[in-house]
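*Asks:* Sequence first, then the predicted structure:
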Amino acid sequence: MDSLSLQACFAGQAARTPDATAVSAGPVELTYRELDERANRLAHRLLSLGVGREHPVAVLTERSADLVVAVLGILKAGAAYLPLHSAYPLERMQWILDQAGGPVLLTDSGTRRRGLPAAKHVVLVDDETTGPAVTPVPDPAIETAADQTAYIMYTSGTTGEPKGVAVTHRGVLGLVADPLWDSGFHDRLLLVAPYAFSVSTYELWVPLLRGGTIVLAPPGDLDVATLRRLIVDEAITGLHLTAGLFRLIADEAPGCFAGVREVLTGGDVVAPRAVARVLAACPETTVRAMYGATEVSLFAASAPFTAPYQADAPVPIGAGLAGVRLYVLDEDLAEAPEGELYIGGPRVARGYVGRPDLTAERFLEDPFAGGDARMYRTGDLVRRRDDLQLEFVGRTTDLVKIRGFRVELGEVETAVARNSTVVDVTVVARTVEDGTRLVAYVVPGTGYDSAELRAGLTGLLPDYMIPAIVTLDALPLTPNGKIDRKALPEPALELDGYRPPENDRQEVLCGLFAGALGVERVGIDDSFFDLDGQSLAAMRLISRIQAELGVELTIADLFNAPTVTGIDQLIATEGEAA
């Protein structure tokens with residue numbers, strides 16, 4: 001990429017292919033010219049509000065064409081976009097906005113109706129001032145240096161507060177220019193990740209700056225049937241799924257990837273069995289395991305797999321992408337066959353916004369490159385295999401991956417401890433069928449109420465960070481006084497007041513609920529979500545209900561009727577209507 005900025009690179013692409021489809025979102029399609037014009041209008045509006053170079057501008061919208069207009073318009077104004085996850089509680093969103101100085105907030109009409117955090121200015125990206133019927137305006141042509149911040153993405157922090165990673169234009173352009181995408185397999189790419197998740201960097205900018213098409217999945221949680229339909233109807237050639245979601249699709253519908261040229265997966269340990277099932281069902285598809293971090297502008301390494309494939313070894317991290325330097329170092333920063341992984345090269349982010357202490361801790365001088373080069377300390381332990389591929393060994397910190405999101409256990413513990421009736425708490429990560437589950441072991445005090453604690457956490461943490469709660473009389477300790485995590489009991493998620501099924505369909509549903517949740521049994525009044533059911537388990541349940549009972553439901557149906565009784569009545573009602 002010869003351009004210094006994302007918006008300049010896009011302008012060049014729009015000039016070359018003005019009538020090609022840049023964005024497809026259901027019935028809405030935008031050509032490169034139309035996207036350029038709408039983003040120009042938005043950029044001028046932002047400039048009129050005083051937005052300037054590298055100012056953070058928050059984005060909180062549905063997954064729609066307006067999202068792409070928003071991020072491009074922000075960059076055209078010389079600013080940096082700050083995505084807010086729609087799953088964040090308002091208090092968390094507000095904290096992020098306050099840290100950023102209460103900037104302009106871009107949103108859409110539907111999101112505004114559900115409630116917004118307070119901001120200096122709120123701009124609707126779907127109103128008449130940025131819509132398609134407005135007279136075109138010129139590109140503001142704001143000069144942007146390669147080392148300026150393109151976006152700020154917040155991840156979980158050890159201190160109980162999120163931390164914002166400032167990613168540069170140079171970092172993103174380095175990712176987009178990687179030869180990995182020269183295959184053309186990513187020309188029609190599905191945007192399915194939350195845009196506040198760093199994988200959106202790939203989903204947005206690889207197709208957009210290479211003349212391809214971004215196909216946006218519909219808003220809300222995805223189910224297996226919708227994913228299968230999108231891949232076929234939209235002729236998807238490339239997509240990325242988190243390791244947990246990839247594992248679920250491999251179990252439930254591995255053939256749905258037929259026609260996809262390359263499926264990327266990562267964000268957690270990739271299951272070899274899942275790779276084998278997908279390649280057996282789709283031998284023309286390449287599965288590529290990806291490794292990276294927000295702090296290195298997303299992907300840093302990859303390992304491709306093609307049929308035939310035997311699931312007889314762990315899936316490696318792989319080898320470094322172009323321009324990426326992967327170092328395996330010991331405690332003295334000397335190269336070693338096994339040690340902590342450090343990543344160098346031009347894709348390394350600027351650091352953590354407003355946190356020079358954390359930046360100094362994780363972003364170090366690169367002693368192997370010289371000059372002012374830096375490297376990022378990942379906290380991942382790896383080993384170098386005989387074929388020079390890297391293999392994940394473990395973590396040096398309490399960071400875990402939940403559905404592809406990085407979560408610091410300390411942040412969850414801090415949130416639980418805010419409840420005044422909690423005497424003591426520790427949070428651990430447990431491995432389950434769908435990946436990783438958080439469990440908070442709580443020593444309750446006077447007035448403790450588990451429902452009140454969970455309600456409080458819902459207001460502080462996004463859903464993927466809310467743990468299952470287990471109460472203990474005391475936390476077990478080792479002889480030297482530290483918490484003995486090996487002695488913590490496995491969580492018992494079965495609810496009290498079990499009521500058995502009353503008809504054949506309820507009996508089938510009870511079995512499907514229990515299988516999706518990984519528990520021994522479920523009563524007909526037990527709520528799926530009270531049993532720690534989360535999005536991947538919900539997708540698994542919906543898929544299995546369709547396969548077993550021939551009934552098509554959505555995740556929204558499960559939210560509205562989260563018990564066996566509720567789903568049984570819903571099926572009966574739909575049958576009567578049919």
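*Replies:* Received, thanks. Treat the numbers as computed from the prediction; the structure is a model and nothing was measured. Numbers count the residues shown, from 1 in each chain.
*Asks:* Domain boundaries for the protein, per the record?
*Replies:* With domains defined by automatic domain parsing, the chain comprises 1-18+31-169, 404-487, 504-577.
*Asks:* Would you tell me which of those gets closest to residue 330?
*Replies:* Ranking the domains of the chain by proximity to residue 330 (Cβ to Cβ) places domain 1-18+31-169 first, at 23.1 Å. Glycine gets a C-beta too; all of them are placed from N, C-alpha and C.
*Asks:* Compare the mean pLDDT across the domains of the chain and name the weakest.
*Replies:* Ranked by mean pLDDT, these end with domain 404-487 at the bottom, a mean of 83.
*Asks:* Centre of the chain to that one, how far?
*Replies:* Offset of domain 404-487 from its chain centre (Cα atoms, centre = their mean, to the nearest Å): 22 Å.
*Asks:* And stretch 289-300, by the same measure?
*Replies:* Counting by Cα atoms, centre = their mean, stretch 289-300 comes out at 12 Å from the chain centroid.
*Asks:* Would you mark the buried spots in it?
*Replies:* Residues of stretch 289-300 classed as buried by neighbour count (16 or more other Cβ atoms under 10 Å): 289, 290, 291, 292, 293, 294, 295, 296, 297, 298, 299, 300.
*Asks:* what's the answer for stretch 337-354, then?
*Replies:* Buried, per 16+ other Cβ under 10 Å, within stretch 337-354: 339-353.
*Asks:* The nearest residue to residue 535 once chain neighbours are set aside: what's it in contact with?
*Replies:* Leaving aside its sequence neighbours, residue 535 sits nearest to residue 221 (Cβ to Cβ, 6 or more residues apart in numbering; 5.3 Å). Contacts for residue 221 were tallied using Cβ atoms under 8 Å, 6 or more residues apart in numbering; they are 535, 538, 539, 555, 556.
*Asks:* Counting neighbours, which of those residues comes out on top?
*Replies:* Sorting the contacts of residue 221 by how many neighbours each has (other Cβ atoms under 10 Å) puts residue 539 first, at 26 neighbours.
*Asks:* Would you confirm that that residue contacts residue 223?
*Replies:* Yes - using Cβ atoms under 8 Å, residue 539 makes contact with residue 223 at a distance of 5.5 Å.
*Asks:* quick one: common contacting residues for these two?
*Replies:* residue 555.
*Asks:* and stretch 249-266, how far apart are its ends?
*Replies:* 14 Å (Cα to Cα, to the nearest Å).
*Asks:* buried set for that stretch?
*Replies:* For stretch 249-266, by 16+ other Cβ under 10 Å, it's 249-254, 256-257, 260-266.
*Asks:* Please name the nearest non-neighbouring residue to residue 69.
*Replies:* residue 38 (4.8 Å).
*Asks:* Count residues in the vicinity of that neighbour, would you?
*Replies:* For residue 38, the neighbour count with other Cβ under 10 Å is 25.
*Asks:* Can you tell me what sits against stretch 302-319?
*Replies:* Stretch 302-319 is touched from outside by 180, 264, 269-273, 275-276, 279-280, 282-284, 286-291, 301, 321, 326, 341, 382, 385, 388-392, with contacts defined as Cβ under 8 Å, 6+ apart.
*Asks:* Dump that stretch to PDB, restricted to CA.
*Replies:* C-alpha atoms of stretch 302-319 as PDB (Å, rounded to 0.1, in the frame of the first residue of the first chain):
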ATOM      1  CA  SER A 302      -1.200 -18.100  10.300                       C
ATOM      2  CA  ALA A 303      -1.200 -21.900   9.500                       C
ATOM      3  CA  PRO A 304      -3.200 -23.200   6.500                       C
ATOM      4  CA  PHE A 305      -4.800 -26.600   6.300                       C
ATOM      5  CA  THR A 306      -6.200 -28.500   3.300                       C
ATOM      6  CA  ALA A 307      -7.800 -31.900   2.700                       C
ATOM      7  CA  PRO A 308      -6.900 -34.600   3.500                       C
ATOM      8  CA  TYR A 309      -6.200 -33.700   7.100                       C
ATOM      9  CA  GLN A 310      -5.600 -35.900  10.100                       C
ATOM     10  CA  ALA A 311      -6.500 -34.500  13.600                       C
ATOM     11  CA  ASP A 312      -3.500 -36.100  15.200                       C
ATOM     12  CA  ALA A 313      -1.600 -33.100  16.500                       C
ATOM     13  CA  PRO A 314      -2.400 -29.700  18.000                       C
ATOM     14  CA  VAL A 315      -3.200 -26.900  15.600                       C
ATOM     15  CA  PRO A 316      -0.200 -24.600  15.600                       C
ATOM     16  CA  ILE A 317      -0.100 -20.800  15.700                       C
ATOM     17  CA  GLY A 318       1.800 -21.000  12.500                       C
ATOM     18  CA  ALA A 319       4.400 -18.800  10.900                       C
END
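*Asks:* for the helix ranked longest in the chain, packing partners?
*Replies:* Taking DSSP state H as the criterion, the chain has its longest helix at helix 32-48. Applying 3 or more Cβ pairs under 8 Å, 6 or more residues apart in numbering; DSSP states H and E, one finds that helix 32-48 contacts helix 6-16, strand 21-25, helix 65-76, strand 122-124.
*Asks:* Could you rerun that using 10 Å?
*Replies:* On a contact count with 3 or more Cβ pairs under 10 Å, 6 or more residues apart in numbering; DSSP states H and E, helix 32-48 meets helix 6-16, strand 21-25, strand 28-31, helix 65-76, strand 105-107, strand 122-124.
*Asks:* now for those, which one comes closest to residue 367?
*Replies:* Residue 367 sits nearest to helix 6-16 of all the helices and strands packed on helix 32-48, at 30.9 Å, using Cβ to Cβ.
*Asks:* now the closest one against helix 65-76, angle please.
*Replies:* Orientation of helix 6-16 against helix 65-76 (axes from the mean of the first three to the mean of the last three Cα atoms, to 10 degrees) gives an angle of 120 degrees.
*Asks:* Relative to the whole chain's centre, how far out is helix 6-16?
*Replies:* With Cα atoms, centre = their mean as the basis, helix 6-16 stands 27 Å off its chain's centre.
*Asks:* Could I get the buried residue list for that helix?
*Replies:* Those would be 6, 7, 8, 9, 10, 11, 13, 14, for helix 6-16 by 16+ other Cβ under 10 Å.
*Asks:* between that helix and helix 32-48, how big is the angle?
*Replies:* 150 degrees.
*Asks:* Give the other helices and strands that helix 6-16 contacts.
*Replies:* By 3+ Cβ pairs under 10 Å, 6+ apart, helix 6-16 packs against strand 21-25, helix 32-48, helix 65-76, strand 149-155, helix 169-176, helix 200-208.
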